[in-house]
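>>> sequence and predicted structure, then a few things I'm wondering about:
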Amino acid sequence: MTQQKKILAFIATGIALLVLPLLLQTVGNAWVRIADVALLYVLLSLGLNIVVGYAGLLDLGYVAFFAIGAYMYGLLASPHLTESFPALAAMFPDGLHTPLWVIIPVGAGVAGLFGVLLGAPTLRLRGDYLAIVTLGFGEIIRVFLNNLDAPINITNGPKGINSIDSLHFFGLDLGKKIVVGGIELASVSLYYYLFLALVLISIVICHRLELSRVGRAWMAIREDEIAAKAMGINTRNMKLLAFGMGATFGGVSGVMFGAFQGFISPESFTLMESVMIVAMVVLGGVGHLPGVILGAVLLSALPEVLRFVAGPLQAATGGRLDASILRQLLIALAMITIMLSRPRGLWPSPEHGKSLQTAKS
């Protein structure tokens, strides 16, 4: 593809992404919500791709950083803390309403700190052992969130945190619809454009990281850690940086999730969520940004699309099979089929030899 065709393709894709929520609004806001959730999963997958795709570190507890970001926003932008702590209520009589410009760096920073704390004890681990440790970390965070409601109520336990503020910036409340040029933009459409902007920024960051010395060091560790260490790469610092950088994406995505939902609880951050995010990265194409984005969009939208298939199948069986179980079965069959037919992912990164031959020709 020539440079001119690439530019035209980028322009066409950009226009399609801008128009998409306006078209989806015509058939119902539920479809716009599906697009919003897909963008959040893209953001999560891009962060996990830094850890799994670039550095080659299998992380099954990535949803913990998602939870940390969501709870940071929930605590700092809801009446929960002022209701639980009278001293805070006296300091902030109008309640805690932390602005977007503060909460995003705080959520990213706290999640990144926890990412480094996770990476520190796992530096000597790899493969299955690393997966088990990260899995345990994710479950520890979820259990803590589920039980930190006594003796001091911090997370409100399994009941979750509600009445979370919608996002505000430049005087715009994303929780309310607006009219621009005679076109009504629903709240979910406003969130769509914010999430899209964050995804585009994240893609640029990931692409620059991939081409940087840090990215090449991560890939050297992924291919052969012993050889990388022999070449003078500080594998310890590079691994910690990968965990920290990946976690920041999860923290930002969690902040957006908390604001978008208006309610968070530990049930949203189970092990299955981590497994699905890993599946998005692997099925799309490990280490390849277009593949990771494709995998995230397909696996996040597929369950909703299959609702229209599972319903008729349930009716065909006389209601003996539950629609949700049928939907999970269809998703599993789709994943198995993809992995058998495309073992390197739907859109894998080009092999070095083939890419060089293509460049020469």
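Structure received.
>>> got a list of what the residue lying closest to Thr134 once chain neighbours are set aside touches?
Closest residue to Thr134 apart from its sequence neighbours, by C-beta to C-beta, 6 or more residues apart in numbering: Gly61 at 4.0 Å. Yep, even glycine has a C-beta here, placed from its N, CA and C like the rest. Contacts for Gly61 (C-beta atoms under 8 Å, 6 or more residues apart in numbering) come out as 118, 134-139, 141, 274.
>>> one more: Tyr191?
36, 167, 174, 256, 259-260.
>>> how about Ser253?
So Ser253 contacts 40, 43-44, 47, 66, 69 (C-beta under 8 Å, 6+ apart).
>>> and it, how far from Val286?
Distance of Ser253 to Val286, given as C-beta to C-beta, to the nearest Å: 19 Å.
>>> and if you look at Leu294?
12 Å.
>>> ok, and what's touching stretch 149-166?
Residues contacting stretch 149-166 (C-beta under 8 Å, 6+ apart): 71, 73-75, 77-80, 84, 97, 144-148, 173-176, 187, 258-259, 261-267.
>>> what do you get for stretch 97-114?
By C-beta under 8 Å, 6+ apart, stretch 97-114 touches 64-65, 68-69, 72-73, 76-77, 141, 165, 167-169, 244-245, 247-252, 254-255.
>>> what about 7 Å?
65, 68-69, 72-73, 76-77, 165, 167-169, 244, 247-248, 250-252, 254-255 (C-beta atoms under 7 Å, 6 or more residues apart in numbering).
>>> and those residues, which are buried?
For the contacts of stretch 97-114, a burial check counting by 16 or more other C-beta atoms under 10 Å picks out 65, 68-69, 72-73, 76-77, 165, 167, 244, 247-248, 250-252, 254-255.
>>> show me what contacts the spatially most central residue of the chain?
For the chain, Leu44 is the residue whose C-alpha lies nearest the centre (C-alpha atoms, centre = their mean; 1.7 Å). For Leu44, the contact set (C-beta under 7 Å, 6+ apart) comprises 66, 249-250, 253, 277.
>>> so it, which state does it fall into?
helix (DSSP: H, G, I helix; E, B strand; the rest coil).
>>> can you check the one 3 residues further on too?
Using three-state DSSP, the three-state assignment for Gly47 comes out as helix.
>>> for it, grab the count of nearby residues.
Per other C-beta atoms under 10 Å, the neighbour tally for Gly47 reads 29.
>>> what's the separation between Asp36 and Val188?
For Asp36, the distance to Val188 - C-beta to C-beta - is 6 Å.
>>> between these two, which one's more packed in?
More crowded of Asp36 and Val188, by other C-beta under 10 Å: Asp36, with 26 against 21.
>>> so that one makes contact with Tyr193?
No. Under the criterion of C-beta atoms under 7 Å, Asp36 makes no contact with Tyr193, lying 9.9 Å away.
>>> for the protein, longest helix please?
In the chain, assigned by DSSP state H, the helix with the most residues is helix 235-261.
>>> check the offset of that helix from the chain's centre.
The chain centre lies 9 Å from the centre of helix 235-261; the measure is C-alpha atoms, centre = their mean, to the nearest Å.
>>> tell me which helix or strand comes right after that helix.
Once the chain leaves helix 235-261, the next helix or strand it forms, by DSSP states H and E, is helix 271-284.
>>> what's that following helix in contact with?
By C-beta under 7 Å, 6+ apart, the list of residues contacting helix 271-284 reads 41, 44-45, 48-49, 52-53, 60-63, 135, 138-139, 291-296, 299, 335, 338, 345-347.
>>> and if you look at stretch 23-40?
20-21, 186, 188-189, 191-192, 195-196, 199, 253, 256-257, 260, 296-297, 300-301, 304.
>>> may I see the PyMOL selection of the buried members of those residues?
Buried subset of those, written as a PyMOL selection, criterion 16+ other C-beta under 10 Å:
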select buried, resi 20+21+186+188+189+191+192+195+196+199+253+256+257+260+296+297+300+301
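>>> can you list which of the contacts of stretch 23-40 are found in helices?
Those of the contacts of stretch 23-40 lying in helices (DSSP H): 20-21, 188-189, 191-192, 195-196, 199, 253, 256-257, 260, 296-297, 300-301, 304.
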